[in-house]
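Asks: mind folding the following:
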Amino acid sequence: MQWCFMNWRGKFRRLVTVSAIVLFAHLIGFATSLHALMGVRTAPGTVAWVVSLNAIPYVAVPAYWLFGRNGIDDYVQIRRRRVSSLNQSLESHLSELEPFRAEWSEHEPGLRAVEQLAHIPFVDRNRAELLIDGKAIFESIFDGIDAAEDYLLVQFYILSDDQRGRELQQKLIRKAQEGVRIYVLFDSIGSLDLSRSYIDELIDAGVEIRSFLQHDSWLDRLQLNFRNHRKLVVADGKVGWVGGMNIGDEYESAGWRDAQVRIEGPAVLNLQLSFLEDWRWVTEDLPVVSWQPHPAGDAGVPILVIPSGPADEFETASLMVQQFIHMAEQRIWISSPYFVPDEGVVGALKLAALGGVDVRLLLPEHTDSRLVGLAAHRYMDALTAAGVRIFRYQPGLMHAKVFLIDDRGAAISTANMDNRSFRLNFELTALVADPEFAIEVGKMFEVDFANSREMEDDAVADMSLWFRLASRGANLLAPVL
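Replies: Numbering: from 1, shown residues only. Here you go, the predicted structure:
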């Protein structure tokens, strides 16, 4: 009898302990959901976090402090003050771009709206070269680095300590030894595997290198939002590169598809301005750079550089994509490795297709994120029903972020078609308003379509019940992916 009583008492204690832990977890989840209610930027994101924090706090609470915590208000105010201060200090330099402003954009309402989003005008007298895939992109960037005489601005989301990464490092070290001033920015999360020795060797050679978003507290170290996803290189303020490529061997592997644009001309100074905004945020210092425009010939290509990020007054990246779609009269072709768009973009795609525009999406057959891949299927049947054609790239990973608008121009971007790029990451897009450039981009798309599988109507509806359930479940997390 005594043994039974002691056994029952032990079970009761364990029950009380487990109940207390469960109650405590749900109290923490409830308190965190109040924080999410006040801090998450979008209604769908708020709903997703509040529901998950109260339903499964054991998983959702750690995830929220990794991915969902915004801290956006303080961040926005600090960022805007620094950018405003930067623009004031560079106002006289930026005025030198005025003679190269493409005034025709004033008569193009669609382009004017994008200019207002960018807070930067279209500038003329440029040259743009489309670069396709790793080998061509690496060769072009590395040749540009070798030719630099005064300074280099280098920024990538991922810097890898592998063969290609070491090649970049050694080129930068040699240029620094020649007296070229070099400034390097990388993202601390994207470049998580970057070795300390790689960084130290650059510092020892005189290269100024920083990681984006310094962590001042242990709580900041848990913050995975506000990633700097920009990829750019500027040489002497004369030549610049922007696009989807990072630095690593995998970007040259078989089947990897990417795109970059090499720019010569006054538009390079706007790439430079984007870098300086980020550098000023990290260091509070400004490198001495040239603001002398270098036009690429008497006639040239109008280019608009569109930086976007979480401190913008508007949701620049999402609105930019919607405007590209609305501007299309004959065709809008889009490639993206990740496709979890917001409702505004989905609606714009449907309306364009219903209005007779040739709308095509080029997506990878397989992504490096199973959850994002599942979530993407949620949109497929509704889009194909509206007339959107969806192609799944077969040979490998489609990593290019490209927009082709009629035969009028094309945009090469760092931004994916997902919530993270639309609202949480720092991104950069170059819109090239040139028919010849558009023809080149169109040819690239045609080759990719030929290497793709076109999805048919009701393709997702014909899949298994479990797949459709998994897709819808993953899509519920779309606002926080």
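
Asks: and Glu284, what pLDDT?
Replies: Confidence at Glu284, expressed as pLDDT, is 80.

Asks: neighbours of it, how many?
Replies: Look at Glu284: counted by other CB atoms under 10 Å, it has 9 neighbours. No exception for glycine: its C-beta is placed from N, CA and C like everyone else's.

Asks: go on, Val22?
Replies: Neighbours around Val22, by other CB under 10 Å: 12.

Asks: am I right that it is in a helix?
Replies: Yes - counting by DSSP: H, G, I helix; E, B strand; the rest coil, Val22 is found in a helix.

Asks: correct me, but Lys238 touches Ala267?
Replies: No - between Lys238 and Ala267 there is no contact, the gap being 11.0 Å when judged by CB atoms under 8 Å.

Asks: who's more crowded, these two?
Replies: Each of Lys238 and Ala267 has its neighbours counted (other CB under 10 Å); Ala267 has more, 33 against 22.

Asks: list the contacts of the closest residue to the more buried one other than its chain neighbours.
Replies: In space, and not counting its chain neighbours, Ala267 is closest to Ile303: 3.9 Å by CB to CB, 6 or more residues apart in numbering. When contacts are counted by CB atoms under 8 Å, 6 or more residues apart in numbering, Ile303 touches 122-123, 126, 128, 263, 265, 267, 430-433.

Asks: show me what Arg127 bridges to in the sheet.
Replies: Listed beta-bridge partners, Arg127: Glu264 (assigned using DSSP bridges).

Asks: circling back: quick check: phi and psi at the residue nearest to Ala267.
Replies: phi -130, psi 140 (degrees, to the nearest 10).

Asks: and the contacts of Ile303 as TSV, adding distance to Phe324 and pLDDT?
Replies: Listed next are the contacts of Ile303 as TSV, based on distance: CB to CB, whole Å; pLDDT from 0 to 100:
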residue	distance to Phe324	pLDDT
Phe122	14	91
Val123	19	93
Asn126	19	96
Ala128	17	97
Ile263	19	98
Gly265	22	96
Ala267	18	96
Ala430	13	98
Leu431	8	97
Val432	12	96
Ala433	12	93
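
Asks: turn the residues you listed into JSON lines, columns for distance to Pro293.
Replies: Formatted as JSON lines, these follow (distance: CB to CB, whole Å):
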{"residue": "Phe122", "distance to Pro293": "14"}
{"residue": "Val123", "distance to Pro293": "8"}
{"residue": "Asn126", "distance to Pro293": "10"}
{"residue": "Ala128", "distance to Pro293": "16"}
{"residue": "Ile263", "distance to Pro293": "12"}
{"residue": "Gly265", "distance to Pro293": "8"}
{"residue": "Ala267", "distance to Pro293": "9"}
{"residue": "Ala430", "distance to Pro293": "16"}
{"residue": "Leu431", "distance to Pro293": "19"}
{"residue": "Val432", "distance to Pro293": "17"}
{"residue": "Ala433", "distance to Pro293": "18"}
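
Asks: so for the helix or strand containing Lys135, what gets flagged as buried?
Replies: Using DSSP states H and E, Lys135 sits in helix 134-147. Neighbour counts using 16 or more other CB atoms under 10 Å place 134, 136-138, 140-141, 144-145 of helix 134-147 among the buried residues.

Asks: centre of the chain to that helix, how far?
Replies: The chain centroid and the centroid of helix 134-147 are separated by 22 Å, computed with CA atoms, centre = their mean, to the nearest Å.

Asks: can you tell me what sits against it?
Replies: Contacts for helix 134-147 (CB under 8 Å, 6+ apart): 129, 131, 152, 164, 167-168, 171-172, 175, 233, 235, 239, 241, 243, 245, 251-253, 256, 258, 260, 262.

Asks: quick one: buried ones out of those residues?
Replies: Judged by 16+ other CB under 10 Å, buried ones among the contacts of helix 134-147: 131, 152, 164, 168, 171-172, 175, 233, 235, 239, 241, 243, 245, 251-252, 256, 258, 260, 262.

Asks: just those: which are in strands?
Replies: 131, 152, 233, 235, 239, 241, 243, 260, 262 (DSSP state E).

Asks: ok, so of those, who is nearest Leu34?
Replies: Of all these, Leu34 sits closest to Gly243, with 41.3 Å by CB to CB.

Asks: tell me who's in contact with the closest one.
Replies: For Gly243, the contact set (CB under 8 Å, 6+ apart) comprises 131, 137, 231, 258-261, 400-401, 412-414.

Asks: excluding its backbone neighbours, what's nearest it?
Replies: Nearest non-adjacent residue to Gly243, counting by CB to CB, 6+ apart: Gln260, 3.1 Å away.

Asks: what about that neighbour, distance to Leu363?
Replies: Separation of Gln260 from Leu363 (CB to CB, to the nearest Å): 20 Å.

Asks: what domains does the record give for the chain?
Replies: Split into domains by automatic domain parsing, the chain comes to 2-70, 73-102+126-299, 316-480.

Asks: my guess is Ile332 meets Ala352, correct?
Replies: Yes - shown here, Ile332 and Ala352 form a contact pair, counting by CB under 8 Å, at 6.0 Å.

Asks: list the residues that contact both of these two?
Replies: 325, 359.

Asks: and among the domains of the chain, the most buried is which?
Replies: Using mean count of other CB atoms under 10 Å, the stretch among the domains of the chain with the largest mean neighbour count is domain 316-480, at a mean of 20.
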